[in-house]
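# Structure of the sequence below:
(one chain, ligands or ions: 1)
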Amino acid sequence: MNYGQIKGFSVEGNRVQITFENAVGTVSAVTDEIINVFCGLSSESNHSFAIEGDKTKPVNVIANKMKDYLIISTPKLAVYVYDNFKIQFLKSDGTLICRDYTGEREAQGEAVLTQAAIEQARMEGHMMADGIAHHEIEVLKRMEGDEYFYGLGDKYSFLNKKGYEFEMWNSDIPDPHYESMRSLYKSIPFVIVHREKVDYGIFFDNHHRTQFDLGKENSGYYFFSADDGNLDYYLIAGDSIRAVVSGYTYLTGTTPMPQLWTLGYQQCRWSYENRDELLAVAKGMRDNQIPCDVLYCDIDYMDNFKVFTWGEEQYPQHKEMLTDLKKRGFKVVTIIDPGVKKEKGYSIYDQGIENDFFVHATNGDVYENVVWPGDSVFPDFGRRAVRNWWADNQRLMTDDGVAGIWNDMNEPASFRGEIPPDVVFCDEERQTTHAEMHNVYGSLMSKATYEGIKRHTGKRPFVITRACYSGAQKYTTGWTGDNQSHWSHLRYSIAQLCSLGLSGMAFIGTDVGGFGANCTPELLCRWTQVGCFTPLFRNHAAKGTRHQEPWSFDEKTLDICRMYIRLRYRLIPYLYDCFRTAEMTGLPVFRPLVLNFEKDKNTLEINDQFMVGDWLMVAPIVDQGKVSRDVYLPCGCAWYDLHTGERFSGGVRILREAPLDTCPIYVREGAVLPLWPVMNYVGENKVDTLELKVFGGEGEYIHYQDNGEDYAYRDGAYNLYKFTQKHGALSIELVNAGYADRYEGFKISMNGKNFKVKFSGRKLAGLR
Ligand code: MIG
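Residues are numbered from 1 along each chain as shown. The predicted structure follows:
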């Protein structure tokens, strides 16, 4: 798109409208530090599937015309707009944030091949570059040289994405995921750029197929592009990566508090084929004293894969089964796919046909493709009426006692080829195409599921999705789809989960043990050692692969898995606090070290260590046969080895022995970790006395407590306890007292001593 010369401009509130020769664009300040750049190339409206509600704050925007450019400023930023809508962003002190690249695209190092050579190579299955593909919308930013690129959702790659190209097109990929794969299940077109003196984010809010090239084509620039939709992106400035993540989640929403039980251990398999098998797994958990809260029913629980039904043959009297499991502390989550079996007499199909709820082929017929139930039709989730209907359908599950819903196949995936781009989908009343709605289909489905569960149960919904677009974190957790029981997949899962966290999704996990291929005992141990720190802690495996419940191998494997699953339950109050932070600030639970320590250059590319909240750092083993590893302890604070209590100063690299039963874990000095006793499931025993493990130094920690279930906390029904340590003494103060059920006391371990204190008032000081 060639915008042409600037012809004029006008300011209206936060927005500056700029008339170019060939188009009208706007630059709007959402806040002092968030700028939206927009040009309605395909529609006038900047309707977003990620940003809900008006996020605009009052900002003092001033625009001035210079000789050949405009300066638009907020109290914190200056935006220079040139001809052809080229832009430079600066801080108000003049520091350059980023500037558009003004040259033409040019592929560096591209091999020159004859057409014959290309055809031959393709015949054998090689991917051959097609040369430069131009797009209707292309925003090229100059590479200043010191960039690190983070984020972009679930892409399968290292933390720093510089030098790679990606595509946003929700894709069901059952084959092994590999490094630098362009797309996966989710589309989160948000990238964080870290430079020595500046941090910023770019959120390209275009839900069509988009591309991101972060210096792969040419190290002189990076770009994002699309062939359809609008030029619509946000520059999110801030003085740290944390501020940028918070800016992004300010726009697109944060992850709301989950129910407490969702933080427990979850066991899944495709499939526990019948009631006996599922009950045997439940028994296995309790017999082996493995804490477990959640069991799953994958697709085979249904009657012929008809969503919202149960197969009486496999799961007779499922209601009684669910009630009985619930008594023993097990919550059951069932899978629901979007594909509805085409079968007259099946109520969901009939209702959908009667109300015209399914997407249409171009000739006006209901569109059909094949998924698990055979010939199937697809709900048109872009329409409110369809989402409402789907939300109501949730009741069919929750009324029977189902505790959460797992949304799979919602890229949407289909077996008879991908749904053609021109199949008719709607965006509310507007008819549009699959090409436009593809990337948001999973988000809309999850939103409908969330709203239904919320409406029917009044509790915080537990929804898991495979596909989604930016902003889905408000409604759903996510998992990373079909990984494999490969060591490389365990290794990459760390960067992948960190990237998802930086992209706003705080509640995420991978299939622990790996989905495809056969897990080994050693891999299961190491994966469980990582899994116990991931927000969603679910072990899952595919049909036809070896079983990977913790007892599926030998005693040693069982012992090690049990040990780390128990550690998970010890950490639940800490994790819950991290979720509180996530809801308040958008900062993820599972994070790269760079989020906390970006001034320490050694953390910029750490792919095999991670933080859990602000206080825990984990350096797991992710290679077969390895029994020791180097661990980097970031600068600026001291660290305690959780296992040995040994103290290390920060800024050092140490060698840590890590036999199979040991996952190296470090606690930041000054921490006061709240811990639970181990229990079989969340809520089995009431915690009247909270355990606090104090790690020297000085620090302040806020602990959050509520009923762990519903939305009463939004009306203030929660407690906040402030733990402060200074000069070797600890004080405890109740700083918010909205929830009646308080702790009666604390069991404290500090300075090598253990003692208990009663807590009935508001403050205790000088504990040592
Ligand atoms: O293509 O429901 O990613 O977790 O077990 C298989 C069966 C369809 C894919 C999901 C996986 C799930 C499986 N599903």
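# surely Ser499 meets Gly153?
Yes - because the distance of 6.6 Å satisfies CB atoms under 8 Å, Ser499 is recorded as touching Gly153. C-beta coordinates here come from the backbone N, C-alpha and C atoms, glycine included.
# Which strand or helix spans the closest residue to Gly509 other than its chain neighbours?
The shortest distance from Gly509 to any residue other than its chain neighbours is 3.0 Å, reached at Leu536 (CB to CB, 6 or more residues apart in numbering). In this assignment (DSSP states H and E), Leu536 forms part of neither any helix nor any strand.
# Please name the residues that touch Leu536.
Listed by CB atoms under 8 Å, 6 or more residues apart in numbering, the contact partners of Leu536 are Thr262, Gln266, Ile464, Thr477, Gly478, Trp479, Phe507, Ile508, Gly509.
# what two of those residues are the furthest from one another?
When the contacts of Leu536 are compared pair by pair using CB to CB, the two farthest from each other are Gln266 and Gly478, 13.9 Å apart.
# tell me the secondary structure for the closest residue to the ligand within the stretch 251-400 of the chain?
Closest residue of the stretch 251-400 of the chain to the ligand, CB to the nearest ligand atom: Trp270 (3.3 Å). The assignment at Trp270 comes out as coil when based on DSSP: H, G, I helix; E, B strand; the rest coil.
# State the phi and psi torsions of the residue nearest to Asn304 when sequence neighbours are not counted.
If you skip the residues right next to it in sequence, Asn304 has Pro373 as its closest partner in space, 6.1 Å away by CB to CB, 6+ apart. Pro373 adopts backbone torsions of phi -80, psi 10, taken as degrees, to the nearest 10.
# So for Pro373, what's the pLDDT?
pLDDT, Pro373: 98.
# What's opposite Gly478 in the beta bridge?
Per DSSP bridges, residues listed as beta-bridge partners of Gly478: Thr465, Ile508.
# ditto for Thr433
Counting by DSSP bridges, Thr433 is bridged to Val424.
# can I assume Arg209 is in contact with Gly229?
No - Arg209 lies out of contact with Gly229 (CB under 8 Å); the separation is 9.1 Å.
# Distance from the chain centre to stretch 46-53, please.
19 Å (CA atoms, centre = their mean, to the nearest Å).
# now swap in stretch 287-295 and tell me
The offset between the C-alpha centroid of stretch 287-295 and the centroid of the whole chain comes to 26 Å, using CA atoms, centre = their mean.
# mind starting the numbering at 42 from now?
New numbering, starting at 42: the last item is stretch 328-336.
# Endpoints of that stretch, how far apart?
For stretch 328-336, the first and last residues are 15 Å from each other (CA to CA, to the nearest Å).
# which bits of the chain sit near the ligand?
The interface of the chain toward the ligand, taken as CB under 6 Å from any ligand atom, is made up of Pro215, Trp311, Asp339, Ile340, Ile376, Asp449, Arg507, Gly522, Asp523, Phe556, His581.
# go with 5 Å
Residues of the chain that fall close to the ligand, judged by CB under 5 Å from any ligand atom: Trp311, Asp339, Ile340, Asp449, Asp523.
# Okay, the last one and Glu314: tell me how far apart.
The spacing between Asp523 and Glu314, counted by CB to CB, to the nearest Å, is 19 Å.
# Can you pick out the residue with more neighbours from these two?
In this comparison of Asp523 against Glu314, neighbours counted by other CB atoms under 10 Å, the higher total goes to Asp523 at 23 against 17.
# Quick check, the residue of the stretch 292-441 of the chain closest to the ligand in contact with Gln589.
No - the pair formed by Trp311 and Gln589 falls short of the contact definition of CB under 8 Å, at 11.6 Å.
# what's the overlap in contacts for the two?
The overlap between the contact sets of Trp311 and Gln589 (CB under 8 Å, 6+ apart) consists of Ala582.
# which one of these two has more residues nearby?
Set side by side, Trp311 and Gln589 show unequal neighbour counts under other CB under 10 Å, the larger going to Gln589 at 29 against 20.
# can you pull the contacts of the more buried one?
Under the criterion of CB under 8 Å, 6+ apart, the neighbours of Gln589 are Arg310, Ser526, Gly554, Gly555, Cys560, Leu565, Asn580, Ala582.
# and which of those is nearest Tyr121?
Closest to Tyr121, out of all of those and judged by CB to CB, is Gly555, at 49.5 Å.
# ok, that closest one touching Tyr533?
No - contact criterion CB under 8 Å: Gly555 and Tyr533 do not qualify, at 11.4 Å.
# Tell me which residue lies nearest the centroid of the protein.
With distances taken as CA atoms, centre = their mean, the residue of the chain nearest its centroid is Met546 (2.7 Å).
# what's the pLDDT at the closest residue to it other than its chain neighbours?
When the adjacent residues along the chain are set aside, Met546 lies closest to Gln514, with 4.8 Å between them (CB to CB, 6+ apart). Here, the pLDDT recorded for Gln514 equals 98.
# Helix, strand, or coil at Gln514?
The three-state label given to Gln514 by three-state DSSP is helix.
# so who does it touch?
Taking CB under 8 Å, 6+ apart as the contact definition, Gln514 lies against Thr290, Thr293, Gly294, Thr295, Thr296, Gly545, Met546, Ala547, Phe548.
# Show me just the buried residues among these.
Under a neighbour-count criterion of 16 or more other CB atoms under 10 Å, the subset of these counted as buried comprises Thr290, Thr293, Gly294, Thr295, Thr296, Gly545, Met546, Ala547, Phe548.
# Confirm that Gly325 sits in a helix.
Yes - with three-state DSSP as the criterion, Gly325 is assigned to a helix.
# Count the residues that sit near it.
One way to gauge burial is a neighbour count; for Gly325, by other CB under 10 Å, it gives 16.
# my guess is it meets Trp592, correct?
Yes - the pair formed by Gly325 and Trp592 meets the contact definition of CB under 8 Å, at 5.8 Å.
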